[in-house]
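*Asks:* One predicted model, sequence on top.
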Amino acid sequence: MKLFADLYRRLDETTRTNRKIAAMVAYFRTAPPEDAIWAVRFLTGRRPRRGVATRQLMTWAAEQAAVPNWLFEASYEVVGDLAETIALLLPPPVRQSRRALHNWVEADLLPLKDMAPEERREVVLRAWTEMDTGQRFVWNKLLTGGFRVGVSQRLVVRALAAVSGVEANVIAHRLMGEWAPTAATYGRLLSSDTEDADISRPYPFYLAYPLEAPMAELGDRGQWQAEWKWDGIRGQIIKRGGQVFIWSRGEELVSHKYPEVRQAAAQLPDGTVLDGEILPWRAGGPLPFGELQRRIGRKSVGKKLLAEVPVIFLAYDLLEWDATDQRQRPLSERRGRLEQIVAGLGDSRLRISPTAAAPSWQALAELRRSARSRGVEGFMLKRLDGAYQVGRRRGGWWKWKIDPLTVDAVLLYAQRGHGRRAGLFTDYTFAVRDGEKLVPFAKAYSGLTDAEIREVDRFIQRNTIDRFGPVRSVRPELVFEIGFDSIRPSTRHKSGVAVRFPRILRWRRDKRPRDADTRETLAALMSATGRMAATFPQ
């Protein structure tokens, strides 16, 4: 456990990519395989499910630290991170354990959720008495399900490639999908034998950067394929060994959630992998993403929901054909083969993403103005001679999204942030006017500069009206422009609407609360953008 805690500290202390990679390389070269594979799992975002309720952890920690609950909660509010608060308040360890990471995880952490409350408490307290502050901090991060340390899967892949000498794209492929965190798995992960045989394993996804430069800098329009950008779930369909597997970009196997797509994909030839988007679809056009959310969280989907929210798979790339990796072939070639495959199926549940025929950048910009009314988010621009790469890379794919919807809203509530933002009020709730009242409609956490955050924090400190646990009610004086991608009706929110991806665009210092937008503004936006495409976009 000490090795892993030291790695966490080294990663957390730097923002330099090369130093993070060097720290992981040093760890993977010295850690035993049974520990290293758990480190890989946690560093790539595969966190264990929370086994202990937050309130229980807070109560046990306060008891062990011999502090009253109010003082613990006040400390938590200042520190902003529960794992760190507990680690700092607990008394020194009774003894120093030398147990390895995999022992703690497999014998203590994973069984927690099936233990009786008293047994669970005993396990947690024993760990606290045998760990130093650094180890407790990491252990608490795992307990709370909040393990994040500022490294991407791509950086982990680069470190493992450096240790093993195996190409990074092979390592990335092996990390996709389900795998058991065992020493044998770690051996296969670093193996120089690259003939992997897991038929269900997807390929790493290729991700696009937002387009910020003028389109003219991309060169000849004829060198680029423009596709509509859909608001669904990115996924891969895999047909191998007579079986169909559907993976989300979040590396979740979702075949059981979308039986209509699985049935359509069963017609594909063996050795085929498609990249595309799972979309809620009816009457020739996409439904709002909120409809798809009704199916995302379900373990099983009943007939009623299948009928109310039908889905399709919109394919836009061919990654494998005839059991042969196609990713290094040019997009124009992959696209041509994909069109033949989809046309040959003739199944409306598996379609191909249409391209835009606009002959010039100017014409494409004109067409982009119709995106929101078509139920899409803008365009994806892809080089026709480009390969399908791994992760987020510049130059080959760009996403050219439509401008967000915006309203001017009043800051109404605030809460302290976490991690590096601990101690500062950075989590905000915004409201619009409804007559003489202010009605909350969105929460936002990003968009302000560090200097603006500190200024807003000082305002909140001086202008708190009331407190509700960690939440402050603030004097309604500050106005901000809030952007969001879409808006829909909602019975769960007082404002009657739910917005997607809200963020702060700018601080409207020139406006007062009386100048803020109203519920009628939101209703008008919802009415104007509620028109979905009646036919498949061309």
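*Replies:* Cool, got the structure.
*Asks:* what's the domain layout of this structure?
*Replies:* As recorded under automatic domain parsing, the domains making up the chain are 2-144, 206-401, 405-529.
*Asks:* So for Ala159, which of those sits nearest?
*Replies:* Among the domains of the chain, the nearest to Ala159 by Cβ to Cβ is domain 2-144 (3.6 Å). C-beta here means a position set from N, CA and C on the backbone, and glycine is covered the same way.
*Asks:* that older thread, would you mind putting the domains of the chain into a markdown table with distance to Ala159 and mean pLDDT alongside?
*Replies:* What follows is the domains of the chain, written out as a markdown table (distance: least, Cβ to Cβ, whole Å; pLDDT from 0 to 100):
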| stretch | distance to Ala159 | mean pLDDT |
| --- | --- | --- |
| domain 2-144 | 4 | 91 |
| domain 206-401 | 14 | 91 |
| domain 405-529 | 22 | 89 |
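*Asks:* would you list those domains in CSV and tack on mean neighbour count and distance to Val163?
*Replies:* Compiled in CSV, those are given as follows (neighbours: other Cβ atoms under 10 Å; distance: least, Cβ to Cβ, whole Å):
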stretch, mean neighbour count, distance to Val163
domain 2-144, 17, 5
domain 206-401, 17, 18
domain 405-529, 17, 28
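*Asks:* Which of those domains sits closest to Ser164?
*Replies:* Distances from Ser164 to each of the domains of the chain were compared using Cβ to Cβ; the minimum, 8.6 Å, belongs to domain 2-144.
*Asks:* TSV for the domains of the chain, including distance to Ala162?
*Replies:* Putting the domains of the chain into TSV (distance: least, Cβ to Cβ, whole Å) gives the following:
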stretch	distance to Ala162
domain 2-144	5
domain 206-401	16
domain 405-529	27
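*Asks:* closest one to Gln153 among those?
*Replies:* The minimum distance between Gln153 and these falls on domain 2-144, with 4.6 Å, by Cβ to Cβ.
*Asks:* Now do the end-to-end distance for that closest one.
*Replies:* Its start and end residues considered, domain 2-144 measures 19 Å (Cα to Cα, to the nearest Å).
*Asks:* repeat for stretch 92-103
*Replies:* Here the two ends of stretch 92-103 are set 22 Å apart, with distance taken as Cα to Cα.
*Asks:* what comes into contact with it?
*Replies:* Contacts of stretch 92-103 from elsewhere in the structure, counted by Cβ atoms under 8 Å, 6 or more residues apart in numbering, are 1-4, 31-32, 34-35, 37-39, 128-132, 181.
*Asks:* same check, this time on stretch 512-527
*Replies:* 405, 407-410, 431-434, 438-439, 441, 476-477, 479, 487-489, 495-497, 508.
*Asks:* Please export the C-alpha coordinates of it as CSV.
*Replies:* Backbone C-alpha positions of stretch 512-527 (Å, rounded to 0.1, in the frame of the first residue of the first chain) are rendered in CSV as follows:
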residue,chain,number,x,y,z
ARG,A,512,-28.2,43.9,-12.2
PRO,A,513,-30.6,41.2,-11.0
ARG,A,514,-33.6,43.1,-12.5
ASP,A,515,-31.9,42.7,-15.9
ALA,A,516,-31.7,38.9,-15.6
ASP,A,517,-33.7,36.6,-17.9
THR,A,518,-37.1,35.1,-16.9
ARG,A,519,-38.9,31.8,-16.9
GLU,A,520,-40.6,33.1,-20.0
THR,A,521,-37.2,33.4,-21.6
LEU,A,522,-36.5,29.7,-20.9
ALA,A,523,-40.0,28.8,-22.2
ALA,A,524,-39.3,30.7,-25.4
LEU,A,525,-35.9,28.9,-25.9
MET,A,526,-37.6,25.6,-25.3
SER,A,527,-40.3,26.3,-27.8
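*Asks:* how far is that stretch from where the chain is centred?
*Replies:* When C-alpha coordinates are averaged (Cα atoms, centre = their mean, to the nearest Å), stretch 512-527 and its chain have centres 30 Å apart.
*Asks:* Equivalent analysis for stretch 103-119, please.
*Replies:* A distance of 27 Å separates the centroid of the chain from that of stretch 103-119, by Cα atoms, centre = their mean.
*Asks:* distance between the ends of that stretch?
*Replies:* Across its full length, stretch 103-119 reaches 18 Å end to end, with Cα to Cα as the criterion.
*Asks:* sorry, back to before: which among the domains of the chain is found nearest to Thr185?
*Replies:* Set against Thr185 and scored by Cβ to Cβ, these come closest in domain 2-144, at 5.5 Å.
*Asks:* rewinding a little: among the contacts of stretch 512-527, which ones are in strands?
*Replies:* In strands, judged by DSSP state E, the following of the contacts of stretch 512-527 are found: 405, 407-410, 431-434, 438-439, 441, 479, 487-489, 497.
*Asks:* Quick check, Trp397 in contact with Lys382.
*Replies:* Yes. Under the criterion of Cβ atoms under 8 Å, Trp397 makes contact with Lys382 at 5.1 Å.
*Asks:* Mutual contacts of those two, please.
*Replies:* Common neighbours of Trp397 and Lys382 (criterion: Cβ under 8 Å, 6+ apart): none identified.
*Asks:* and Val170, what helix or strand is that in?
*Replies:* For Val170, the element it lies in under DSSP states H and E is helix 168-175.
*Asks:* immediately after that helix, which helix or strand?
*Replies:* Scanning the chain past helix 168-175 towards its C-terminal end, the next helix or strand to appear is helix 183-189 (assignment: DSSP H and E).
*Asks:* now the helices for the stretch 301-450 of the chain?
*Replies:* Taking DSSP state H, counting those that start in this stretch as the criterion, the stretch 301-450 of the chain contains helices spanning 303-308, 331-345, 361-368, 371-374, 450-462.
*Asks:* What helices and strands are in contact with the third one?
*Replies:* What that stands for is helix 361-368. The criterion is 3 or more Cβ pairs under 8 Å, 6 or more residues apart in numbering; DSSP states H and E, and the helices and strands that helix 361-368 contacts are strand 378-383.
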